[in-house]
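Chemist: Attaching a predicted model along with its sequence, questions to come.
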Amino acid sequence: TLREAPKHSPAILTMPNDANLSRIPAEARSLLDYYSSHIIYIMTMSPGKKPPWKIIHLPCAMGALAELMVYGEASSSAKMALFYALLSISSFHVGLAEKNSLERSHYWYEKGISHKAKSEVYLRSSLDQTLPKSSRGKYKEVLMSLLSMVTIGVFSGNMEDSNKYLAESEKLIRNQGLSKPVKSQKVSKLHRIFSYLRIIEESTTLEPLEASNQDEIRNQVSTGLESSRSDLSVPEDERQIVSSRLNWLEDDESDEDSLFVSIYQIPTTLFMLLSQTSSLCKDLSSLKVSTPEFIRRSRITEDRIFNWQPPENLAFKDNIRYFKDKKANSLSCQNSSAIFAHIVAAMHLALIIHFQRKVRKTDPRVLQHYIIDAADHLVMHEKLKRALKVRTTAFPWPSFILGCEAYDLTARQKVREYLVLVRDYNMGSLMEVERVINEVWRRQDLGRTDMCWGHVLRDWGLRIVLT
């Protein structure tokens with residue numbers, strides 16, 4: 001068996017096995033190398049630290065490749081699912097980055113689709129409860145594979161099935177992850193990656209999923225899973241919704257989760273407020289008429305959003321006062337800590353706009369100054385990264401919110417400047433952001449009533465995950 005095999009046996013490692021090698025995609029090693037040297041840094045938001053995709057995902061996929069070479073198969077379906085998922089992510093990015101040859105771009109995009117299909121086959125096996133647990137894979141391997149399917153959507157731009165994988169991830173975490181008395185740091189990081197993806201995805205979900213729809217979604221992913229109505233029902237209480245997404249937060253809402261911040265460099269308290277805003281949006285959609293309880297909750301959330309202050313390590317330093325002296329806020333007088341302060345400030349302002357538009361139904365024309373200031377932060381964030389040669393990813397959510405509410409010409413120009421800057425990331429999600437914003441502006445300029453981003457997503461049948 002695999003466990004009985006010596007770890008570093010020259011006889012095994014150098015033994016030629018054409019049959020085994022023929023089962024491995026010819027481009028596998030180059031795509032995993034590309035994942036290691038490019039993709040990881042496009043996904044991370046924390047420079048100078050080892051991102052989870054480097055210390056958790058990549059070693060697991062490399063292990064699967066080694067097992068394929070030596071034994072002809074990996075030790076679990078989940079490892080195989082992850083292996084092909086990472087190949088798919090790299091393939092899609094290579095395809096979108098290929099600007100000079102439509103033929104080569106199409107070739108790699110098709111590779112991405114093919115590798116994703118193989119990953120899905122193994123993923124279904126890893127979720128099939130009728131199969132032995134040893135062949136399905138460890139908990140963290142299965143969760144990595146599920147979350148990587150969401151990442152495939154973000155990179156390819158086709159995010160239609162992201163919700164079903166997030167729903168399956170949530171079920172797996174509730175049934176297996178939360179019951180673990182002691183969680184390893186790797187598992188804890190995977191839980192935070194899930195929470196980040198889920199909260200961002202829910203913020204642009206047009207209506208709440210009914211339990212029956214969730215049943216259907218889960219059945220599409222795993223036909224062998226047992227499920228109960230209580231597991232699949234949507235929590236009615238806002239605190240339950242927040243705790244299901246941020247179960248690792250302390251009860252004190254002023255606390256920041258250091259592990260989450262180390263991965264994303266964005267305060268957990270901001271994400272908690274975004275989750276609460278999404279909950280209010282769904283309630284408003286289902287209630288149609290505001291109730292006293294809804295009014296009370298929305299007032300509390302609104303106060304928290306407006307009074308929110310960033311933690312000291314993610315705020316501008318005393319010598320940089322962005323709103324008081326924009327001239328002093330040049331690239332030359334800032335350091336790498338300002339990179340994070342800019343993206344945090346942009347997200348906070350975008351959250352104010354999001355709440356005011358979706359919960360308060362405020363006329364967007366009175367919010368244009370927020371959009372201009374937030375877009376300034378986004379532009380400075382990108383320019384500062386380039387000036388200091390910091391390799392981190394873009395964060396599409398704020399730019400989407402800002403762009404879709406930008407009526408003023410100056411606001412649109414600022415948003416456009418940012419969208420042009422981030423085209424070089426060659427991310428499918430960013431391309432979808434720009435496509436939706438352009439359509440919103442087109443409808444605004446025509447004076448149409450169906451000019452909100454929700455109308456565009458519904459008309460186009462789009463789901464988006466703005467990460």
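Modeler: Perfect, thanks for sending it.
Chemist: Can you give the distance from stretch 295-309 to the centre of its chain?
Modeler: When C-alpha coordinates are averaged (CA atoms, centre = their mean, to the nearest Å), stretch 295-309 and its chain have centres 25 Å apart.
Chemist: Contacts for it, please.
Modeler: Residues from elsewhere that reach stretch 295-309 (CB atoms under 8 Å, 6 or more residues apart in numbering): 238, 253, 269-270, 273, 276-277, 280, 290, 315, 348, 351-352, 355, 359-360. (Glycine included, C-beta is placed from N, CA and C.)
Chemist: max-length helix in the protein?
Modeler: helix 102-126 (DSSP state H).
Chemist: Would you mind pulling up the elements that it packs against?
Modeler: Judged by 3 or more CB pairs under 8 Å, 6 or more residues apart in numbering; DSSP states H and E, the packing partners of helix 102-126 are helix 77-97, helix 133-136, helix 139-156.
Chemist: Quick check: buried residues in the longest one?
Modeler: Judged by neighbour count using 16 or more other CB atoms under 10 Å, the buried positions of helix 77-97 are 77-96.
Chemist: lowest-confidence stretch among the helices and strands packed on helix 102-126?
Modeler: Mean pLDDT is lowest for helix 133-136 among the helices and strands packed on helix 102-126, at a mean of 93.
Chemist: ok, and what's touching that one?
Modeler: Taking CB under 8 Å, 6+ apart as the rule, helix 133-136 contacts S76, S77, A78, S125, S126, L127, D128, V142.
Chemist: one more time with 6 Å, if that's ok
Modeler: S77, S126 (CB atoms under 6 Å, 6 or more residues apart in numbering).
Chemist: re earlier: need the buried ones from the contacts of stretch 295-309 selected in ChimeraX.
Modeler: Command for ChimeraX that selects the buried part of the contacts of stretch 295-309, burial taken from 16+ other CB under 10 Å:
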select :238,269,270,273,276,277,280,315,348,351,352,355,359
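Chemist: Out of the contacts of stretch 295-309, which is nearest to L378?
Modeler: H348 (12.2 Å; CB to CB).
Chemist: Please tell me the pLDDT value assigned to T291.
Modeler: 88.
Chemist: quick one on the thing from earlier: among the contacts of stretch 295-309, which one has the lowest pLDDT?
Modeler: E238 (40).
Chemist: Now K140: closest residue in space that isn't a chain neighbour?
Modeler: V187 (5.4 Å; CB to CB, 6 or more residues apart in numbering).
Chemist: Pretty sure that neighbour sits against E141.
Modeler: No: applying CB atoms under 6 Å, one finds V187 not in contact with E141, separated by 10.9 Å.
Chemist: More neighbours: these two, which one.
Modeler: Each of V187 and E141 has its neighbours counted (other CB atoms under 10 Å); E141 has more, 25 against 19.
Chemist: Only alpha carbons, please: show the strand or helix carrying F306 as PDB.
Modeler: Assigned by DSSP states H and E, F306 belongs to helix 292-307. Extracted C-alpha coordinates of helix 292-307, given in PDB (Å, rounded to 0.1, in the frame of the first residue of the first chain):
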ATOM      1  CA  PRO A 292     -40.500  47.400  13.300                       C
ATOM      2  CA  GLU A 293     -38.000  44.700  13.800                       C
ATOM      3  CA  PHE A 294     -36.500  45.200  10.400                       C
ATOM      4  CA  ILE A 295     -36.300  49.000  11.000                       C
ATOM      5  CA  ARG A 296     -34.600  48.400  14.300                       C
ATOM      6  CA  ARG A 297     -32.000  46.000  12.800                       C
ATOM      7  CA  SER A 298     -31.300  48.200   9.800                       C
ATOM      8  CA  ARG A 299     -30.800  51.300  12.000                       C
ATOM      9  CA  ILE A 300     -28.300  49.300  14.200                       C
ATOM     10  CA  THR A 301     -26.400  48.100  11.200                       C
ATOM     11  CA  GLU A 302     -26.400  51.500   9.600                       C
ATOM     12  CA  ASP A 303     -25.000  53.100  12.700                       C
ATOM     13  CA  ARG A 304     -22.300  50.400  12.900                       C
ATOM     14  CA  ILE A 305     -21.300  50.900   9.300                       C
ATOM     15  CA  PHE A 306     -21.000  54.700   9.500                       C
ATOM     16  CA  ASN A 307     -19.200  54.600  12.900                       C
END
